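>>> I need the structure of the sequence given here:
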Amino acid sequence: MMRNWFWLSCLVVGFGAPSLWAQQIQEDIKVVFRDIRVHVVDRDGNPVKGLKAVDFSLNEDGSPQRIDFFEEVDVSVQQAGGTVFHDDGLVEDPDPTPTRNFHGERNIVIVIDSSNMRIDAFPEFLDTIHDFIDSTVMPTDLVKVVQIDQGLVSLSSFVNDKDKLHDAVYSAEYKGILRKRLEAVEDQVLGDYEHFLDPNQGHQTFGLSARQAADAATVQANMRENALWKVESSVREKHDIKRRHYENYERSLTYISRILDQMTGSKSVYMFTGGQYVQSKSLVRPTKRLSEMLSRSLNSSNVTVYTMIHIPQRAIGESERQSMRLKLEGNTNPLKSLGSLFLPIEGTVFEETHQLTTGPYDTTEDTGGIIQASHSVEGIQKSLKDFQDRANHYYRLGYTIEMPSKATSVRIAMAEKGRKLKLYYGKGFNRIRSYLEMDEAERAVAFEASLQYSQSFRDDLGCEFNYTGFPNPNDRGEMVPVYVELDAETFPKKGYELGFAALNEQRELVDLVRSTIIKKSTSKRYFLYDVLLPKAKPVYLRCKVVNLDNGQESIFELPYERKEFPPQSFHISQMVFFGDPGAEMVLMNHLRFVKTDAEKREAMVDKRKYLDPLAMQGYLFQPALGAISAKAKEHHLFFQLRNLEKSIDAYQVRYALYRDGAQVPAQFVVKDAFQPKGFGNTYHFVGTLTGVDFEPGNYELHLTVEDNEKQNNASLSRSFTVASN
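Presented below is the predicted three-dimensional model:
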């Protein structure tokens, strides 16, 4: 169920009427495109293939919908069968590239839910996941591995490298936290129940007077009532453990859905679990509502959940537990008939079949996915093929409707009533909320996921995004001042949400910064600026800006390039040129530092403020601009010298300025030189360029630095333009 939405503008224009009238009656209508995945199986659970759009009928909240898009998807895998040795001596090797009938990108999250998994099933599940990665994951897929146990743990980023995925699975650790807690509380329930049944816990009434006997009976009744309440309290504790675990499960999958929501293409969660727990019937806050909200959230993000689950070889709800004096077995719920002065007791350690539902079951079925159960440890791997065969074939049904103002339900059926087929699809959607309607935690996840994974680039705000790259002298990484230019006159009252990210070749995140910026001056232009500190040279840089007044946004991507120098060579590593009196620089990393408590600042000396290559003593320089204003009387120049062999006093700075190829007279003065701590034999220079009549045109500034003996020199050029006023 794709979360994409867009605007349709309906413009009515009368014959000969002025365009202003047309603008006054312009109306914007928001619509949403649903992309529903439907699995169709026969009585034996086998996929039914070859259906067409006309074979389906579809409605949302009772209103029939026209199917605008239809596709049959068969993610079949032709496995290589190994080397074949023929009788005639011919050796035949398999096709190394299996064929698959699928086109488009897939985003998959593999979830290892070990919270209620038996320890003997855990290694079998890991082997199955390794097989799943080898047989199912394609080179174009982006796959992430996570584990749910005591909480949600990310074992990998989204990658398409199978070796990294296998390493992530190997790193999974078994804790079985829910299973251990439930076993302990079940023993407590049995012990309390045994105490309740103990006939010697009260007083004997033989030989007592009627009054004494009545008093003793009252005491014994109170003791039994207290014992019954203790049993019920233990049962409540078990339900509370399950409820808390389900809330963790719901939060984990909701978090995953918010990340996938920002990604395009097919989106799936493959869950490998041994977990089952009461949710819809509970003495402590039933979780059925949470289950419905989770499924609707996943559907709204176009996420389908597939589950392989290990259920021990017994009927669900049948249990056998034994203590020293007490043995209860079968479909038994001895506490249910006892009653008490408190709430009725239900769902004890002996949960009847109709009382037991599971998170994975409901989530899978309500998102239209396929679930495969294995009742023995030995059968886990054998179930994988059936699981894949059923999960790999489905239909996509797409349609467009006006964006609903509330949660809605979907019903899909076969157009031909007589066909006895079973359909699995997501049955309900949450109302799609805008970015501004999310709470702070939701915004953070949505913003950072969009910044990292979105393939929908746009520019609602008319921004200019750029960067300047510096090598990090202390590391093999980079120091990358990044900025986005915005018109200050349209600065929103609530400010901008702004983030920058650096990605590697596999589009894995290597650094990210995010801030909220509020306008504080009357400048005409703003340069919102931060410093990325990736540990390795990035391949892509990204920027996202959101207007917090109206939700409009811009998101960009640029390739990262920087001239390479030998590590020991004397060179000018970068040159920054800026001259615009009407623009203000907002330095996000410095703002974060300013908000830090004074006693904590010393611990931040290695943070972005001190690794900002454009900051030196009393100066702070904006990233390099592609264009400058002719109104500026003084233009600032900043550059770095690396790997000097002599004292700084032994070097001279020479310059030449050209406009459209012809040299232009100008005055250049070095105002300061500074050697920052921890940067090695590196110097920062500050200078000014004055006395230039900057007429519109293309300019180039050449810098040369050489020693007094002219034996050691370095040069660098910087191009820029001056626009017409």
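>>> C-alpha only now, for contacts and for neighbours.
Fine.
>>> which one is the residue positioned nearest the centre of the chain nearest to, not counting chain neighbours?
In the chain, the centroid-proximal residue (C-alpha atoms, centre = their mean) is I259; its distance is 2.8 Å. Excluding the flanking residues, the one nearest I259 by C-alpha to C-alpha, 6 or more residues apart in numbering is A449, at 5.2 Å.
>>> Go through the helix or strand encompassing that neighbour and flag the buried ones.
Element membership of A449 [criterion: DSSP states H and E] is helix 440-453. With burial defined by 16 or more other C-alpha atoms under 10 Å, the residues of helix 440-453 counted as buried are R443, V445, A446, F447, E448, A449, S450, L451, Q452, Y453.
>>> just checking, N713 touches L641?
No - counting by C-alpha atoms under 8 Å, N713 does not reach L641; the two are 10.4 Å apart.
>>> Name the residues contacting each of these two.
F570, H571 (C-alpha atoms under 8 Å, 6 or more residues apart in numbering).
>>> And the strands in the stretch 51-200 of the chain, which stretches?
Ranges of strands in the stretch 51-200 of the chain, per DSSP state E, counting those that start in this stretch, are 56-60, 63-64, 69-74, 84-85, 91-92, 106-113, 142-148, 152-154.
>>> would you list every one of the helices in the stretch 451-600 of the chain?
Counting by DSSP state H, counting those that start in this stretch, the segments of the stretch 451-600 of the chain that form helices are 588-594, 598-601.
>>> swap in the chain?
If you assign secondary structure with DSSP state H, the helices in the chain sit at 19-24, 122-136, 162-170, 177-197, 210-261, 288-300, 359-366, 380-391, 440-453, 588-594, 598-601.
>>> what about the fourth one, average pLDDT?
The predicted model assigns helix 177-197 a mean pLDDT of 82.
>>> now swap in the first one and tell me
Looking at helix 19-24 alone, the average pLDDT works out to 31.
>>> Lowest mean pLDDT across the strands of the stretch 51-200 of the chain, which one is that?
Comparing the strands of the stretch 51-200 of the chain by mean pLDDT, the weakest confidence falls on strand 84-85, with a mean of 42.
>>> which strand in the chain runs the most residues?
Ranked by residue count under DSSP state E, the longest strand found in the chain is strand 27-41.
>>> got the angle between the helix holding A449 and helix 210-261?
30 degrees (axes from the mean of the first three to the mean of the last three C-alpha atoms, to 10 degrees).
>>> of all the helices of the stretch 451-600 of the chain, which has the lowest average per-residue confidence?
Looking over the helices of the stretch 451-600 of the chain, mean pLDDT reaches its minimum on helix 598-601, with a mean of 68.
>>> How many neighbouring residues does H684 have?
Using other C-alpha atoms under 10 Å, H684 has 19 other residues around it.
>>> hang on, I meant Y610
Counted with other C-alpha under 10 Å, the burial measure for Y610 works out to 18 neighbours.
>>> Same check on S456?
For S456, the tally of surrounding residues (other C-alpha under 10 Å) stands at 12.
>>> measure it to L182 for me?
S456 sits at a distance of 46 Å from L182 (criterion: C-alpha to C-alpha, to the nearest Å).
>>> Which residues outside stretch 498-512 are in contact with it?
For stretch 498-512, the external contacting residues (C-alpha under 8 Å, 6+ apart) are 157-160, 448, 451-452, 482, 513-517, 530, 532-546.
>>> Filter those down to the buried ones, PyMOL style.
To isolate the buried members of those in PyMOL, using 16+ other C-alpha under 10 Å:
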select buried, resi 157+158+159+160+448+451+452+482+513+514+515+517+530+532+533+534+536+537+538+539+540+541+542+543+544+545+546
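>>> Next, check the contacts of stretch 498-512 against the strands and list the overlap.
Using DSSP E, the members of those that fall in strands are 482, 513-517, 530, 532, 540-546.
>>> Strands of the stretch 351-500 of the chain, start to end?
Under DSSP E, counting those that start in this stretch, the stretch 351-500 of the chain gives strands at 371-374, 393-402, 408-414, 422-424, 428-429, 458-459, 464-467, 470-471, 478-487, 496-503.
>>> Which of the ones you listed sits closest to A673?
strand 470-471 (17.9 Å; C-alpha to C-alpha).
>>> Tell me, how many residues neighbour the closest residue to H684 other than its chain neighbours?
Across the structure, with C-alpha to C-alpha, 6+ apart as the measure, the residue nearest H684 apart from its sequence neighbours is Q640 (4.6 Å). Close neighbours of Q640, defined as other C-alpha under 10 Å, add up to 21.
>>> Could you check how far Q640 is from R718?
Q640 sits 13 Å away from R718, going by C-alpha to C-alpha.
>>> which residues are common contacts for the two?
Counting by C-alpha under 8 Å, 6+ apart, the shared contacts of Q640 and R718 are M575.
>>> Contacts only, for the closest residue to Y255 other than its chain neighbours.
In space, not counting the residues next to it along the chain, Y255 is nearest to V445; the distance is 7.5 Å by C-alpha to C-alpha, 6+ apart. The contact partners of V445, by C-alpha under 8 Å, 6+ apart, come to Y255, R258, I259.
>>> Can you tell me which of the residues you listed lies closest to Y361?
The closest of these to Y361 turns out to be Y255 (C-alpha to C-alpha; 19.0 Å).
>>> Verify the stated contact: E124 with K382.
No - under the contact definition of C-alpha under 8 Å, E124 does not touch K382, with a separation of 10.6 Å.
>>> The two: who's more crowded?
Higher neighbour count among E124 and K382: E124, with 16 against 12, using other C-alpha under 10 Å.
>>> From S114, how far out is the more buried one?
For E124 relative to S114 (C-alpha to C-alpha), the value is 12 Å.
>>> swap in L155?
In terms of C-alpha to C-alpha, L155 sits 14 Å off from S114.
>>> same question, V722
Distance check for V722 against S114: by C-alpha to C-alpha, it reads 62 Å.
>>> for R443, same thing?
Remark: distance between R443 and S114 (C-alpha to C-alpha) = 29 Å.
>>> for N160, same thing?
N160 is 24 Å from S114, where distance means C-alpha to C-alpha.
>>> quick revisit: give me the more crowded residue out of V722 and S114.
Neighbours around V722 and S114, counted as other C-alpha under 10 Å, are more numerous at S114. The numbers are 27 against 18.
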